[in-house]
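In: Got a sequence here, can you build the structure:
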Amino acid sequence: MQTSSLKEEIWQIVAAIPEGSVATYGQIAHLAGFPGYARLVGSTLKKLPHDTRLPWHRVVNGKGQLSFPANSQPWHRQKSRLEAEGIVFIGNGFSLKKFQWQT
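Out: I've put the predicted structure just below:
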């Protein structure tokens, strides 16, 4: 199901997420025209090269949390990047109401 054009659409949507905002996997799937395919977004982003300039760190789960295991190295890397953009964490999560990208 994952075609090059769908991957490119996902990349373009992720690239458009403004600094200081986050988008959920489901939100990106919906914007790409595939509502209900949040896991497809996750698998697409998982395959990005390590040196990508795409702001993958702005993509989070629908609970207002990071999808990496808490306190893992990737979790800390994503959390640090989001905090540097002004996302305020309370415990392991943050307010989607406050920080979610409004498209």
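
In: Pull the contacting residues for the residue positioned nearest the centre of the chain.
Out: With distances taken as Cα atoms, centre = their mean, Val59 lies nearest the centre of the chain, 0.8 Å away. The contact partners of Val59, by Cβ atoms under 8 Å, 6 or more residues apart in numbering, come to 14, 17, 22-25, 28, 41, 45. For every residue, glycine as well, the C-beta is placed using N, CA and C.

In: all helices of the chain, in order?
Out: For the chain, the helices defined by DSSP state H cover 4-16, 25-31, 38-46, 73-84, 96-99.

In: Which elements pack onto the first one?
Out: In this structure, helix 4-16 packs against helix 25-31, helix 38-46, with contacts taken as 3 or more Cβ pairs under 8 Å, 6 or more residues apart in numbering; DSSP states H and E.

In: orientation of that helix relative to helix 38-46 in degrees?
Out: Taking axes from the mean of the first three to the mean of the last three Cα atoms, to 10 degrees, helix 4-16 and helix 38-46 form an angle of 80 degrees between their directions.

In: re earlier: most neighbours among the contacts of Val59, please name it.
Out: The residue in the contacts of Val59 with the most neighbours, by other Cβ atoms under 10 Å, is Ile28 (28 neighbours).

In: Not counting residues beside it along the chain, what's closest to that one?
Out: Counting by Cβ to Cβ, 6 or more residues apart in numbering, Ile28 lies nearest to Val41, which is 4.7 Å off, once chain neighbours are set aside.

In: same question, Gln65
Out: Using Cβ to Cβ, 6+ apart, the closest residue to Gln65 is Gly93 (4.4 Å).

In: beta partners of the one you found?
Out: Bridge pairing for Gly93 (DSSP bridges) gives the partners Gln65, Ile90.

In: contacting residues for it?
Out: 63-65.

In: Could you report the pLDDT at it?
Out: On pLDDT, Gly93 comes in at 95.

In: is it true that the residue nearest to Ile28 touches Leu31?
Out: No. Using Cβ atoms under 8 Å as the test, Val41 is too far from Leu31 to be in contact (9.6 Å).
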